[in-house]
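Peer 1: Sequence and computational prediction follow.
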Amino acid sequence: MSALTLRTKRRRSALRTLAFLSPWLIGFAVFFAYPMISTVYFSFMHYDGFKPPTWSGTKNWTYVFESYPFFWPALRNTLWLVVIMVTLRVLFGLGIGMLITKIKTGTGVFRTLFYLPYLAPPVAATMAFAFLLNPGTGPVNSILEKIGIPAPGWFNDPNWSKPALTLMFLWGVGDLMVIFMAALLDVPKEQYEAAELDGASAWQRFRFVTLPNISPIIMFAVVTGVIAAMQCYTQPLVAGKVASGVIQGAGTMFEPGYPEHSTLTLPQLVYNLGFQRFDYGSACVVALVLFALSMAFTALLMRRRGGLIQAGD
Amino acid sequence: MSARIPDVARKAAFALTASTALLLSTTACTGQASSSGASDDASKEQTITFWHAWSAPNEVKAVKALVAGFEKAHPNIHVNVVGNMTDDKINQALRAGGSKAPDVISSFTTNNVGKFCSSGALVDLNPFFKKSGIDPNTTFPKAMNEYTQYQLDRCAVPLLGDAYGLYYNKTAFKKAGITSPPKTWTEFEADAKKLTITQGGTYKQLGFMPDYHGWETTTEHYLGQFSPTYFDKSGKSTIATDPAVTDALTLQKKLVDGLGGFTKLEKFRSGLGDEWGPKHPFQTGQVAMQLDGEWRLGMALDAKPDFEIGVAPLPVPDDQADQYGKGYITGTIAGIAATSKKQNAAWEFVKYITTDTDAVVDFSNAIHNVPSTLDALKSPKLKYDPRFKTFLDIAANPNSTSSPASVNGGVYLTTIQQLGYDYESGKLTDLQAGLKKAAAQIDTDIAQAK
């Protein structure tokens, strides 16, 4: 075979490969590369969405990190949600999943009951929780007061607003419960039998049989949970607005994270800076911080995942 | 071979991303057309699009009647009306343009005027006013004239206004032995205490809900009664040096402390009915005095409360007693989109709805807002409850104030509001230090937006 035909053959083969890859390549370019590159580009530009963008160097970056008063509180809140809310959600989802797999009768009823809240639209669910947890008139506090437990301010108290949000997310843990149930039912029965023959206690059976078997699912729940927590926008926004008494109406302004920035998250800042203040450059900076954080968390967890799987094998 | 394919793919991916980057740098540079050169023919048969924010059935009906009046006067221009538009949607449409985008917009938020003007989203209407021989300075009340422009760029016009005053429960006043509404803040404070009846850990009747989260009791509405300057001639924030700001914040803190303290008040507030519902605390008699806009009168009367409603201007500081009768003014604004290709026709419409006395009066009668021209304020055709006259007087009062337009919209007001929250809750104790910090923040935010 001559060199020429070999080259043609190679080129053909490469083109064929490219053709097969093209749907992914186009998707990657349009939905990832283009937005990504534009975000980086605009983070160095002064752009209000109307006039042509102009170069502003690192002005947006220093503004966000040094002068924008909401960035650090929002970052702290987002990290709080990532660490505490995700951990609790995974533990709670796993717990409920385990309980339901153990129940002999009425499994369907419990499964439905725990899954249903997950289907509630976020705004409606938040409004319902704001009503239930209203410190002045809410039923939760009137019960607490009746039995003599000091009632917290929930969404009206900066120390309790994030726990109140977490409570709401725990209520909607149905998605995780279903995934965990499937994983738990997949654990081979023989392994439990063997462990029991060896005299393993309930805790040891969980630790050395259940956990290694479902560790990939836990990792999945953690990674998707972390990403969802980073993007948490609707619920804290609605909760803050309802509790503050500010209804989006005539002349009301964006009121970040009532009370005292405690429900402010990074995605809210992206919206506030970009679409309300017309400061696209700074909005892009916050978006990039969010992206970098998501990447870092995911990378960290994926490294851990390798270790866990080996332990399971 | 196997090693070669990803290489090719990688190169292709790089080429694609590089080309999208290039594409981006060219598409991103699409500026707006110059605003002064409107060249369309307003006498031609055509349709313009008008976006507004009203949504209640009576309001939508009123807008329809307003538009019908215009179409009768200008049979060649038809108006496609789109209602219930929020500011966020309007912002997006102004940026995107296109055939379905609005030619004329109206918004409830005067705070956005600075942003609309400085970004060029709405066209400067000065040339249009000049062409039509109308002087905005003598057409509109002073405060409304001011909040519709930014640095001499008049990108908006007032389309009805809102004036803030004091609503009071006449029956509760009688019971407490108060004979007339308070005229100074000192009198107000004493009355609010007299009207407060506690019950257990909460209130049976609160004289006044002073918290900044108490709906219309926002920082800028209190400040309106103190006539703050907000900015000096060079555009720097004056909140740390203007005594009006210190006085207003101190007064509010005094009210909060005197009426039961922040925690107790906030707990009471969180259990009150919402601002736009029938269970508004003034309407239920839970709060005896209310800082509110002119629209509250109609809403309160609709709720048929078991007490008599009184209306008066808000009190003024003791050393400004001669200015009693002033108030904070804001309102709806209208403007023409920079992307509109029918700006002359759009101007005919804007001119009609904002400066035709009868049109303004009819619209005001229909939705119970304050008329926005000096002629309409005096029009004998204006129909209203005698109490509504208080708001007309506040709107026409030359001492009435508004918050000036700023390059980044109402960001400076949010900063002051934030300071107010920190101060009323006791988180911030050194007010002067807080004001200095907030002023620096306002200057930084404005520099960032420029």
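Peer 2: Sure, I can see it. Here the structure is a predicted model, which is why all the values come from computation and not from measurement.
Peer 1: make it CA atoms for all contacts and neighbour counts henceforth
Peer 2: Will do.
Peer 1: show me where pLDDT drops low in chain B?
Peer 2: For chain B, residues meeting the criterion pLDDT under 70 lie at B:1-37.
Peer 1: ranges for the strands of it?
Peer 2: B:46-51, B:77-82, B:104-107, B:157-169, B:197-199, B:202-208, B:287-293, B:309-312, B:329-336 (DSSP state E).
Peer 1: and of those, who's closest to A:F180?
Peer 2: strand B:202-208 (46.8 Å; C-alpha to C-alpha).
Peer 1: by contact count, what packs against that closest one?
Peer 2: helix B:185-194, strand B:197-199, helix B:262-270, strand B:287-293 (3 or more C-alpha pairs under 8 Å, 6 or more residues apart in numbering or on different chains; DSSP states H and E).
Peer 1: out of those, deepest packed?
Peer 2: strand B:287-293 (a mean of 24; mean count of other C-alpha atoms under 10 Å in any protein chain shown).
Peer 1: Any part of that one near chain A?
Peer 2: No: contact of strand B:287-293 with chain A (C-alpha under 8 Å from any C-alpha of the partner chain) is absent, the minimum separation being 10.9 Å.
Peer 1: who does that strand pair up with?
Peer 2: Strands that pair with strand B:287-293, judged by DSSP bridges, come out as strand B:157-169 (antiparallel), strand B:202-208 (parallel).
Peer 1: Spit out the contact partners of residue 217.
Peer 2: The chain I'm using is chain A. Counting by C-alpha atoms under 8 Å, 6 or more residues apart in numbering or on different chains, A:I217 makes contact with A:179-180, A:183.
Peer 1: Actually, chain B is the one I wanted.
Peer 2: B:T217 neighbours (C-alpha under 8 Å, 6+ apart): B:209-211, B:291-292.
Peer 1: and which of those is nearest chain A?
Peer 2: B:D211 (10.6 Å; C-alpha to the nearest C-alpha).
Peer 1: The closest one against B:K254, yeah?
Peer 2: No: under the criterion of C-alpha atoms under 8 Å, B:D211 makes no contact with B:K254, lying 11.0 Å away.
Peer 1: The two: who's more crowded?
Peer 2: B:D211 (24 against 15; other C-alpha atoms under 10 Å in any protein chain shown).
Peer 1: residues touching that one, list them.
Peer 2: Residues near B:D211 by C-alpha under 8 Å, 6+ apart: B:217, B:252, B:256, B:262, B:265-266, B:424.
Peer 1: can you do 7 Å?
Peer 2: B:217, B:256 (C-alpha atoms under 7 Å, 6 or more residues apart in numbering or on different chains).
Peer 1: ok, and the closest non-adjacent residue to A:P150?
Peer 2: Using C-alpha to C-alpha, 6 or more residues apart in numbering or on different chains and skipping the chain neighbours, the partner closest in space to A:P150 is A:L144 (6.8 Å).
Peer 1: Test my guess that that neighbour contacts A:A151.
Peer 2: Yes: counting by C-alpha atoms under 7 Å, A:L144 does reach A:A151; the two are 5.8 Å apart.
Peer 1: okay, the two: which has more neighbours?
Peer 2: A:A151 (16 against 13).
Peer 1: Get me the contact residues on chain A for chain B.
Peer 2: A:14, A:18, A:25, A:29, A:33-34, A:37, A:48-53, A:134-137, A:243-246, A:250-251, A:277, A:279 (C-alpha under 7 Å from any C-alpha of the partner chain).
Peer 1: That concludes my questions; thank you for your assistance.
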